[in-house]
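> Curious how this folds, go ahead:
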Amino acid sequence: MEEYYSIVKPGSFEPENHWYAKALNATIHPMVAFFLNLSQERMVERYCHLHPIVERGLLHQILNQSPKYFRWAGADLINVTTERGKRQMVVIENNSCPSGQKSMPLFDDHDELGGYRKLIERTFVPHMKGKRQMQEGAMAVLYDKNPMEASGYAATIAEVLKEEVYYIYFPKSNYEHYLRYDDGVLMLKTYAGNWIPIRAAFRYVTQKPWNRIPIHSKTTILNPVLACIAGGRNKMVAAKAYEIYNAELKGTGLQINLPETIWDVCKAEVPSWVKKMGGHAVVKVPYSNAGQGVYTILNEAELQAFMGETFEYDQFIVQSLIGNYLWSSKGTTGKLFHVGTIPSTRGFTYVNDLRMMVSATSNGIKPLCVYSRRARDPLLNEIPPGVSSWDMLGTNLSIKKEDGTWGSDTNRLLLMDRRDFNKIGIGVDDLIEAYIQAVLSMIAIDNMAQTLINSKGKFRKKLFQSLNDDDTLIGEIFVE
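This next block holds a predicted model:
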């Protein structure tokens with residue numbers, strides 16, 4: 001019999017199953033521990049001291065918001081600088097099913113559930129109880145990749161709620177014989193042949209989740225799929241959400257820091273935009289994840305390689321490329337280039353990003369965990385012929401194996417531990433800025449999600465189509 005779910009019981013959490021070995025045996029860096037221990041008041045005071053035009057009351061208000069749909073987020077940020085040496089954290093994207101727990105050293109050695117417990121206790125359980133929840137049915141974790149973390153959440157929920165949890169594989173297709181929706185309720189077919197309702201689910205479904213999970217669901221889900229199409233898995237709408245929120249923040253001293261972004265670009269228009277950006281740009285398929293569908297273009301060969309591919313979607317995003325100072329895109333605000341890691345003993349600097357995971361709690365939006373990833377090859381001043389720009393600029397660790405499953409290149413993982421953190425070259429102020437940028441981008445996407453639902457609680461399809469006029473995507477969205 002095909003196994004498509006397992007039952008996770010309380011007391012089954014085993015740390016070695018839910019952390020990378022290098023993270024499980026690591027000791028958190030004191031500076032990161034200090035950051036995670038900082039009160040909101042101290043972070044706001046510090047940030048406003050460094051940014052005097054920002055009002056403390058406004059920043060407190062923003063950090064204390066309670067997002068309605070997008071309640072758990074993981075922002076990918078790049079530490080950049082300008083030619084005049086002004087450093088800032090730039091948001092590349094914000095993810096609605098972010099990884100990170102398996103890469104985070106334990107904050108408290110005595111709590112083996114670590115950040116898993118914090119997310120479930122502080123965010124998932126209150127969200128579940130705060131909804132008009134179904135009284136009958138099972139608890140579940142839904143996943144399509146990252147079983148190391150997804151199973152960790154299942155074991156944590158079982159431990160926190162003291163009940164069995166159904167840990168269910170939910171792929172893009174071929175699931176209909178064991179999962180279905182009946183009047184908005186997710187149903188699971190057990191191995192005994194009975195269909196049982198799922199009253200609430202923690203979701204780690206990342207690949208086109210909108211094609212099998214409806215926007216409206218009586219089964220409580222964290223995060224709901226609306227958070228994905230409003231920007232958490234949709235870079236096109238996310239870019240527009242960021243611009244709208246930045247317009248609202250104008251004059252406050254706060255903004256979401258972003259690369260220059262051109263949206264609604266059809267494939268034939270890509271070469272013109274790349275040329276306008278000086279021949280250096282990043283082209284993105286807006287609905288991909290795990291590093292897929294991102295094309296860094298530094299020369300004609302890479303542009304032609306992109307143009308030679310076939311895509312299932314009609315629209316693209318073109319962004320200014322952040323690279324080395326000698327070959328970054330020059331946008332309307334000038335050049336941004338990577339600060340990168342501290343040079344190695346061989347003098348090599350590597351591009352790296354920072355993942356900041358945050359979640360909504362009863363006491364505001366709080367940081368959960370942090371990690372960094374570096375590119376495969378060092379950042380060069382001159383690009384030799386035949387060298388892939390992605391190998392110098394791409395940081396995502398996900399690797400798709402020959403059998404279709406996913407793995408990770410953990411050799412490029414930089415932990416927040418005593419050994420790796422010093423290589424990243426950041427301090428407490430950078431972590432605070434990354435946290436604030438993560439919150440701002442999270443709120444922007446949640447605002448967009450709220451805009452997409454009308455006063456009667458229905459999805460505003462025409463409004464969404466005006467924001468994201470891509471027939472293929474719209475045809476995939478499951479509205480029940």
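
> Tell me where the model's unsure across the stretch 301-450 of the chain.
Within the stretch 301-450 of the chain, the ranges that satisfy pLDDT under 70 run 400-407.

> what do you get for the stretch 51-200 of the chain?
Looking along the stretch 51-200 of the chain with the criterion set at pLDDT under 70, you get 131-134.

> now the strands for the stretch 1-150 of the chain?
Using DSSP state E, counting those that start in this stretch, the strands of the stretch 1-150 of the chain run over residues 5-8, 72-81, 87-95, 138-143.

> and if you look at the stretch 251-400 of the chain?
261-266, 281-284, 294-297, 315-320, 330-331, 334-335, 337-338, 352-361, 364-374, 398-400.

> can you tell me how far residue 253 sits from residue 90?
According to Cβ to Cβ, to the nearest Å, residue 253 and residue 90 sit 17 Å apart. For every residue, glycine as well, the C-beta is placed using N, CA and C.

> Now do the contacts for the nearest residue to residue 106 once chain neighbours are set aside.
Closest residue to residue 106 apart from its sequence neighbours, by Cβ to Cβ, 6 or more residues apart in numbering: residue 114 at 4.9 Å. By Cβ atoms under 8 Å, 6 or more residues apart in numbering, residue 114 lies in contact with 15, 19, 101, 104, 106-108.

> go again using 7 Å as the cut-off
Residue 114 sits next to 101, 104, 106-107 when contact means Cβ atoms under 7 Å, 6 or more residues apart in numbering.

> could you check the distance from residue 383 over to residue 226?
42 Å.

> Ok, residue 68 next?
From residue 68 to residue 226 the distance is 9 Å (Cβ to Cβ).

> Of those two, which one has the most company?
residue 226 (27 against 15; other Cβ atoms under 10 Å).

> If I look at that one, what pLDDT would I see?
pLDDT, residue 226: 98.

> quick one, what contacts it?
69, 215, 449, 452.

> please redo it, this time with the cut-off set to 10 Å
For residue 226, the contacting residues are 68-70, 96, 210, 213-217, 232, 445-446, 448-450, 452-453, 459, by Cβ atoms under 10 Å, 6 or more residues apart in numbering.

> could you flag which of these are buried?
69-70, 96, 210, 213-217, 232, 445-446, 448-449, 452-453, 459 (16 or more other Cβ atoms under 10 Å).

> I figured residue 336 was touching residue 83, is that so?
Yes: Residue 336 lies in contact with residue 83 (Cβ atoms under 10 Å); the separation is 9.1 Å.

> which residue ends up closest to the midpoint of this structure in space?
residue 95 (2.1 Å; Cα atoms, centre = their mean).

> mind giving me the domain split of this protein?
5-14+104-230, 31-101+235-448 (automatic domain parsing).

> out of those, which comes closest to residue 478?
For residue 478, the closest of the domains of the chain is domain 5-14+104-230, at 4.7 Å, according to Cβ to Cβ.

> distance between that closest one and the chain's centre?
With Cα atoms, centre = their mean, to the nearest Å as the basis, domain 5-14+104-230 stands 18 Å off its chain's centre.

> how long is it end to end?
One end of domain 5-14+104-230 to the other measures 29 Å (Cα to Cα, to the nearest Å).

> which residues are common contacts for residue 68 and residue 226?
With Cβ under 10 Å, 6+ apart as the test, residue 68 and residue 226 both reach 446, 449-450, 453.

> In which helix or strand does the residue of the chain positioned farthest from its centre reside?
Here the centre of the chain is the reference, and by Cα atoms, centre = their mean the most remote residue is residue 192, at 36.9 Å. Applying DSSP states H and E as the criterion places residue 192 outside every helix and strand.

> contacting residues around residue 465?
Taking Cβ under 10 Å, 6+ apart as the test, what residue 465 contacts is 471, 473-474.
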